[in-house]
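Asks: structure here, sequence nowhere to be found:
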């Protein structure tokens, strides 16, 4: 029998995980439905028109990232308790199968369920508003033209970091992972500004890493010679370049998932 992956053994593990956690997952789902319904319903009720596409995208991205990372952070919660950790580690299944079950639930299944719930709520709220069809526009998260795949790449990157933290830390997984992530992000952001400032010899205006460039420069206004004032310039990355940035984040996500798997494989009580 294959020691890394066996379909029958994986199916049994998936059923076991589902049977043990479906109640808590359903409760979490009802909480998510309640929060989305209240917030989206309130915003739509107070508005004189149905939610526009920008609002819908903001709610989709915000709730996907927040709820998804919180859910992912507790997917390996049993490893934080010694008794449960012993049972989980000694379970007769490979580390890859254990990781794959958790990955499927926290990444793939979560996104499918979240998207279905979001669409159900958006469509219900808009229908209850009795708006004319000409005013109603609903986002299409599967649109390649609108580049929605950027959202899913961003979620993959966050998911890979959080699932690694869920395995690495024993307690307070979400808080510790978020703290470590923001510390690293601030360090990279600071170094990015310093490097760009050395390259162009102008004051940098707080540029996030892997984005365009904003900087200050002095100009000589007319007709007042001898005086200067500060102006700003922005240089945006072409989408052809951004594609490589997205590829980079995709590779980083895959690397973090691999690191999380090997961390789980070496996990001890």
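Replies: Here it is on my side, so go on. Bear in mind that the values here come from a model prediction, so they are computed numbers and not experimental data.
Asks: so, low pLDDT: which residues of the chain?
Replies: 1, 201-203, 205-206, 212-240, 268-269 (pLDDT under 70).
Asks: domain map for it?
Replies: As assigned by automatic domain parsing, the chain contains the domains 7-195+240-265, 201-235.
Asks: looking at those, which is buried most?
Replies: Comparing the domains of the chain by mean neighbour count (mean count of other Cβ atoms under 10 Å), domain 7-195+240-265 ranks first with a mean of 15. Where you see a C-beta, it was placed from the backbone N, CA and C, and this is true even at glycine.
Asks: ends of that domain, how far apart?
Replies: End-to-end distance for domain 7-195+240-265, by Cα to Cα, to the nearest Å: 19 Å.
Asks: and stretch 44-53, how far out from the chain's middle?
Replies: Chain-centre distance of stretch 44-53: 26 Å, with Cα atoms, centre = their mean, to the nearest Å.
Asks: I misspoke; the intended subject was stretch 55-62.
Replies: Centroid separation for stretch 55-62 versus its chain: 13 Å, with Cα atoms, centre = their mean.
Asks: what residues does that stretch touch?
Replies: 36, 39-40, 43, 51, 118, 122, 138-139, 141, 151 (Cβ atoms under 8 Å, 6 or more residues apart in numbering).
Asks: what's the most distant pair in those residues?
Replies: 43 and 151 (20.0 Å; Cβ to Cβ).
Asks: gap between residue 183 and residue 177?
Replies: Separation of residue 183 from residue 177 (Cβ to Cβ, to the nearest Å) stands at 11 Å.
Asks: distance check, residue 55 against residue 40.
Replies: Residue 55 is 9 Å from residue 40, by Cβ to Cβ.
Asks: what does residue 195 give?
Replies: Remark: distance between residue 195 and residue 40 (Cβ to Cβ) = 42 Å.
Asks: same thing with residue 112?
Replies: In terms of Cβ to Cβ, residue 112 sits 19 Å off from residue 40.
Asks: and for residue 101?
Replies: Distance from residue 101 to residue 40, by Cβ to Cβ: 31 Å.
Asks: on that earlier part again, for the contacts of stretch 55-62, give me a markdown table that also has distance to residue 189.
Replies: Shown next, in a markdown table, are the contacts of stretch 55-62 (distance: Cβ to Cβ, whole Å):
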| residue | distance to residue 189 |
| --- | --- |
| 36 | 31 |
| 39 | 30 |
| 40 | 32 |
| 43 | 32 |
| 51 | 32 |
| 118 | 31 |
| 122 | 34 |
| 138 | 35 |
| 139 | 30 |
| 141 | 29 |
| 151 | 21 |
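Asks: just those now: which is nearest residue 78?
Replies: Of these, the one sitting nearest to residue 78 (Cβ to Cβ) turns out to be residue 36, at 27.8 Å.
Asks: measure the closest one to residue 81 for me?
Replies: In terms of Cβ to Cβ, residue 36 sits 31 Å off from residue 81.
Asks: great, nothing more from me.
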